[in-house]
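Chemist: what follows is a predicted structure for the sequence shown.
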Amino acid sequence: MTAPKPILQIKDLHVAVEGKQILHGVNLTVNAGEVHALMGRNGSGKSTLSYTLMGHPRYKVTAGEVLYLGEDLLSLPTDERSRKGVYLAFQYPVAIPGVSVSNFLRASVKARRGQDVPVKEFRKELKALMSRLGVVDDFLSRYVNDGFSGGEKKRLEILQMALLKPVLGLLDETDSGLDIDALKTVSEGINALAAPDNAILLITHYQRMLNYITPGFVHVMQDGQIVKSGGSDLAKELEAKGYDWVSREPASTARA
């Protein structure tokens, strides 16, 4: 039997923000073809991990290492991480007034693929993905996230992800601000992106998105560490019992 291909390997990662230590030794391995959910209360360190993986300059690694496809991820600038296939969907996507969605998406695809895509080919691919995600045509002429609803912002994040075809998708509380209909649509888009040659790390503190996306692995983060790991049933236990019971359970280490 062929050994699984590691896409992301986090080893004893410690991270500080403005001098305050937030992560205290995170260990996690994500293999190709896997969907992992990282759960925990607000302030537990989930978003800090996602920003660190993407290379946000405020987040300083004080110890540990991160390997992406066997390469030292932490040595790469943020734009290089993106070109190599790491994608972060933000909890609160920022607005970019003056930049149309169409131009933004085409420039993103060009940077990721390393070459310009013919207009006809790009439009055909884009229209197909828009139809799948329930995105209307006039969306393309609007400025990026400027005046967008929560659901529209998240649809644009998943549309961009679908176009960029990342190897590692980091989804930071993508369910935040979504109503039930938008949640279902966005979840369907995420499910469609899961493939044997990529991996998804879904960060959330609610179980509701996991009603539509079934992760193979669920991890609980508390106080900057992963304190418990399990299968999809772990998310249901958290929904029923809350997070306090995890503190009373024996700690377990995420798969190394």
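Modeler: Ah, there it is.
Chemist: lowest average confidence across helices and strands of the chain, where is it?
Modeler: helix 244-248 (a mean of 73; mean pLDDT, DSSP states H and E).
Chemist: where are the low-confidence patches of the stretch 101-250 of the chain?
Modeler: In the predicted model, the stretch 101-250 of the chain carries pLDDT under 70 at residues 247-250.
Chemist: and if we set it to 90?
Modeler: Across the stretch 101-250 of the chain, the stretches falling below the confidence threshold (pLDDT under 90) are 113-117, 119, 129-137, 139, 149-155, 173-190, 192-194, 204-211, 214, 235-250.
Chemist: in it, which spans are strands?
Modeler: Ranges of strands within the stretch 101-250 of the chain are 143-144, 168-172, 199-204, 217-222, 225-230, based on DSSP state E, counting those that start in this stretch.
Chemist: could you dump those strands into a markdown table and include mean neighbour count and distance to Asp79?
Modeler: Glycine gets a C-beta too; all of them are placed from N, C-alpha and C. Formatted as a markdown table, the strands of the stretch 101-250 of the chain follow (neighbours: other Cβ atoms under 10 Å; distance: least, Cβ to Cβ, whole Å):
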| stretch | mean neighbour count | distance to Asp79 |
| --- | --- | --- |
| strand 143-144 | 18 | 18 |
| strand 168-172 | 24 | 15 |
| strand 199-204 | 24 | 20 |
| strand 217-222 | 24 | 27 |
| strand 225-230 | 20 | 28 |
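Chemist: so which of these is nearest Glu125?
Modeler: strand 168-172 (18.0 Å; Cβ to Cβ).
Chemist: residues in contact with the closest one?
Modeler: Residues from elsewhere that reach strand 168-172 (Cβ atoms under 8 Å, 6 or more residues apart in numbering): 7-8, 30, 46-47, 50, 53-54, 68, 85-91, 161, 190, 193, 198-203.
Chemist: so which of the residues you listed are in helices?
Modeler: Using DSSP state H, the members of the contacts of strand 168-172 that fall in helices are Lys46, Ser47, Ser50, Leu53, Met54, Met161, Ile190, Leu193.
Chemist: out of those residues, which is nearest to Thr2?
Modeler: Using Cβ to Cβ, the shortest approach to Thr2 within the ones in helices among the contacts of strand 168-172 belongs to Leu193, at 23.1 Å.
Chemist: what number of residues are in the vicinity of the residue nearest to Ser232 when sequence neighbours are not counted?
Modeler: Leaving out its chain neighbours, the residue that sits closest to Ser232 by Cβ to Cβ, 6 or more residues apart in numbering is Thr214, at 5.3 Å. When neighbours are counted by other Cβ atoms under 10 Å, Thr214 registers 13.
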